[in-house]
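# Everything below, folded, please.
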Amino acid sequence: MEKKNLSNILEGKIFQIPDYQRGYAWEKQHWDDFIEDIDTLVDDRIISHYTGTIVIYQPNTKPTDTYGNKRLEVVDVVDGQQRLTTCTLYLSIIINKLIEIKHEEYKVELYNYLYSGSKTKLLLNNDTSNCYYDLITKGLINIEPYSIHQQRIVEAYEYLKEHIDSKYLSLGKEGESYLIDIFDAIIRKLNFSFYTIELESEIGMTFELMNSRGKDLSSLEKLKNYFMYWIYRNISDHEEKENFTAMINKTWKEVFINIAKCNGVEDQCLRIIWIYYVSYVPKNWNGYSGFKTDEVIPIRHFEKKNILETKKLLEKIIRGLSVVSLHYSQVLKPTEENCFHDEYKWLSKIRRGNIATFLPLLIATRIEYYNKKISMEEYVLMLICIEKFSYRVFIIEGKRSNTALTNFYKWSYELYHKKTKINNIFNSILEIINWYSNENDFRIWLNEGTDNWYEYYYRALKYTLFEYELFLLETEGKDVKPKLDWASITDSTIEHILPQTPEENSKWKKDWSNDDIKKYLHDISNLVLTNDNSHYKNFEFEKKKGKPGVGHCYSNSDIRQERKISEYNEWNVNSCNKRRKELVDWIIKRWGIYNNIDK
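Numbering: from 1, shown residues only. Predicted coordinates for the structure are as follows:
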């Protein structure tokens, strides 16, 4: 291991971050620490500062590529990519600022440290390479960032640039000297421990030693390195060892890409694998560390599980991770393009609630359908069952997010390993809905009415009215897309037909007793979605109803349920009761559990 500064490191090599590594992940706290380290080198005139480790993989064959008029060695960065990326982003900002203020001699530093033509000294992985190139060459990107790694690298550039610009302005005449000093500090005073690995299978061993000294890696990265260490230590055949290593690298490339696409959580994906291959009991989950135990994947002591059993489990987990991450990405961030028939519709509904509880079962079901083990109808019925549970138990009853967690994890394990039939799971979900949200009580509650939908059941009100709008559009409308999307529903988009503050001399006060106002004001029968309730204020019903084609009124609304209110000649207790019956009948048909599952 050598001690090198950035100038020594970047000389004579092209650094590429392999796709099996995590993408750019630094955030504000990391940028602040980085800026503070650099500024300290300048302000306090410190000679050098140790800033971490850079580990590269360079096989004996030493591949090369052209860079300008030179041919440089190409190496993989297997540790230190976050700091190396941030350093070069910062350098690009500083060099371009110096060039902007007429220091033309710094143009050569762009070539030395950043890029030549379309080639960069640092090649980022997955979906960030082009984004990085645009930032260091032009200071902007031409597309909207669509993954979490792209978003972070753009945010990093903008944050670092804001610091340089504000510091330069605040220093006045000294700003130019500051830029020159900070450039020197980055390339010459930042020191790294630089280490080269020549065998790919040794990477895991190196990192397992580093992890014990507190390296800041994600759980997935640690698991990958542990697996590679296991292979290095326990597989003697060279070809088998290399094949296993290649399989791990291929899998982790796919996993990181899939998780980045949906802005997912690595530990969430890892836990699903744990449920499928180790234990579905929630209390047994101990994060990445759980995989390293002698009961799961022992690395030295094979008394509880022999080496052949361990190797088979290792291979199953590696292959399973790739498949699970694909379906995890498409469930967590569905699009109409990547979804099957009706899947997008129901996943979109489930995602509005607590989807984490259902993820293992959703993914197991999707894999079964993907592998043609269950029908499309069965897959959609599973989505409907889960949405029904979410509405009844989480949204209406307000139960905690871990309610029935063990049940859902157990069902996902059983379905994944084909230990139960999917129809058994349907019935079990309906039974557990009835346990937490008794059907008789639910129907009585709906039919008797409540005066607190708006005040105490706001989340349920929002969800119910939005779903009612979708239902009306599907059954009565010409356009299945709502004019009001889910994210835009707020207090201002929920209208009280009978206004909350009717004037004393209004018709409202003549037609409605105080007791009836109290009973119906916040009941679902008196509430309707609207584009903006400020248009209606506390107007009389006749004015709210209005006429088709004339201004903001119920009759002229783009909201289907609001337009239905215009079918009433007046709004009174009888009108509320009639609308209440329509809504209650629809809610029971949609989310009831006595009848067959309705689409």
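# quick one, domains of this structure?
Following automatic domain parsing, the chain resolves into domains at 2-198, 206-327, 343-434, 447-591.
# And the contacts of the strand or helix carrying Ser193?
Element membership of Ser193, judged by DSSP states H and E, is strand 190-197. The contact list for strand 190-197, computed with Cβ atoms under 8 Å, 6 or more residues apart in numbering, reads 1-6, 8-9, 37-38, 41, 48-58, 75, 78, 80, 87, 203, 206. Bear in mind the C-beta positions are built from the backbone N, C-alpha and C, glycine included.
# just the buried members of the residues you listed?
4-6, 9, 37-38, 41, 51, 53-57, 75, 78, 80, 87, 203, 206 (16 or more other Cβ atoms under 10 Å).
# which ones among those are found in strands?
In this view, these that belong to strands under DSSP state E are 4-5, 51, 53-57, 75, 78.
# So which of the domains of the chain is nearest Thr335?
Between Thr335 and the domains of the chain, the shortest separation by Cβ to Cβ is 7.0 Å, and it involves domain 343-434.
# The closest one: how far from the chain's middle?
Centroid displacement of domain 343-434 relative to its chain, using Cα atoms, centre = their mean, to the nearest Å, is 20 Å.
# And for stretch 105-124?
Counting by Cα atoms, centre = their mean, stretch 105-124 is centred 33 Å from the centre of its parent chain.
# what about Glu567, helix or strand, and which?
Per DSSP H and E, Glu567 falls between elements, in no helix or strand.
# Of the domains of the chain, flag the one that's most buried.
Among those, domain 343-434 has the highest mean neighbour count (mean count of other Cβ atoms under 10 Å), at a mean of 19.
# mean confidence for it?
Per-residue pLDDT over domain 343-434 has a mean of 96.
# first vs last residue of that domain, how far apart are they?
This stretch, domain 343-434, spans 25 Å end to end (Cα to Cα, to the nearest Å).
# residues contacting Leu465?
Going by Cβ under 8 Å, 6+ apart, Leu465 touches 489, 494, 524, 527-529, 561.
# and if you look at Gln29?
So Gln29 contacts nothing (Cβ under 8 Å, 6+ apart).
# gap between it and Tyr159?
Distance check for Gln29 against Tyr159: by Cβ to Cβ, to the nearest Å, it reads 11 Å.
# try Lys547
Relative to Tyr159, Lys547 is positioned 54 Å away (Cβ to Cβ).
# Just flag the most distant two among the contacts of Leu465.
Spatial extent of the contacts of Leu465 (Cβ to Cβ) is set by the pair Ile489 and Ile524 at 14.5 Å.
# picking up where we left off before, work out the gap between the strand holding Ser193 and the centre of the chain.
Relative to its chain's centre, strand 190-197 lies at 33 Å (Cα atoms, centre = their mean).
# Strand partners (parallel or antiparallel) of that strand?
Sheet pairing of strand 190-197 (DSSP bridges) gives strand 2-5 (antiparallel), strand 49-57 (parallel).
# From what I see, Gln330 and Cys339 are in contact.
Yes. Gln330 is in contact with Cys339 according to Cβ atoms under 8 Å; the separation is 7.2 Å.
# Looking at those two, which is more packed in?
Neighbours were counted for Gln330 and for Cys339 using other Cβ atoms under 10 Å; Gln330 has more, 22 against 17.
# Spatially, what comes nearest to that one if we skip its sequence neighbours?
Once flanking residues are discounted, Gln330 sits nearest to Asn338: 5.0 Å by Cβ to Cβ, 6 or more residues apart in numbering.
# okay, now that neighbour: neighbour count?
Residues lying near Asn338 (other Cβ under 10 Å) number 14.
# which stretches of the stretch 251-400 of the chain form helices?
Per DSSP state H, counting those that start in this stretch, the stretch 251-400 of the chain carries helices over the ranges 266-277, 307-332, 343-350, 359-370, 376-389.
# Do you have the helices of the stretch 1-150 of the chain handy? List them.
6-10, 28-43, 81-100, 107-113, 129-138, 148-171.
# how about the ones you listed, which one is nearest Asp294?
Nearest to Asp294, of all those, is helix 81-100, at 32.6 Å by Cβ to Cβ.
# What helices and strands are in contact with that closest one?
The contact analysis (3 or more Cβ pairs under 8 Å, 6 or more residues apart in numbering; DSSP states H and E) places helix 81-100 against helix 28-43, strand 49-57, helix 107-113, strand 122-123, helix 129-138, helix 148-171, helix 175-184.
# I'd like the mean pLDDT over the last one, please.
Just to be clear, that refers to helix 175-184. Helix 175-184 shows a mean pLDDT of 93.
# who does that helix touch, helix- and strand-wise?
Right, helix 175-184 is packed against helix 28-43, helix 81-100, helix 148-171 by 3+ Cβ pairs under 8 Å, 6+ apart.
# can you give me how far the second one is from the chain middle?
With Cα atoms, centre = their mean as the basis, helix 81-100 stands 28 Å off its chain's centre.
# tilt between that helix and helix 175-184?
With axes from the mean of the first three to the mean of the last three Cα atoms, to 10 degrees applied, the angle from helix 81-100 to helix 175-184 works out at 150 degrees.
# Pull helix 81-100 out as CSV, backbone CA atoms only.
Provided in CSV are the C-alpha atoms of helix 81-100 (Å, rounded to 0.1, in the frame of the first residue of the first chain):
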residue,chain,number,x,y,z
GLN,A,81,-15.1,6.0,-5.9
GLN,A,82,-17.2,8.5,-3.9
ARG,A,83,-14.3,10.7,-2.9
LEU,A,84,-12.6,10.3,-6.3
THR,A,85,-15.8,11.4,-8.1
THR,A,86,-16.3,14.4,-5.7
CYS,A,87,-12.6,15.5,-6.1
THR,A,88,-12.8,15.6,-9.9
LEU,A,89,-16.2,17.4,-9.8
TYR,A,90,-14.7,20.0,-7.6
LEU,A,91,-11.6,20.3,-9.8
SER,A,92,-13.7,20.9,-12.9
ILE,A,93,-15.5,23.7,-11.1
ILE,A,94,-12.3,25.3,-9.9
ILE,A,95,-10.4,24.9,-13.2
ASN,A,96,-13.3,26.3,-15.3
LYS,A,97,-13.6,29.2,-12.9
LEU,A,98,-9.9,30.0,-13.2
ILE,A,99,-10.2,29.8,-17.0
GLU,A,100,-13.3,32.1,-16.9
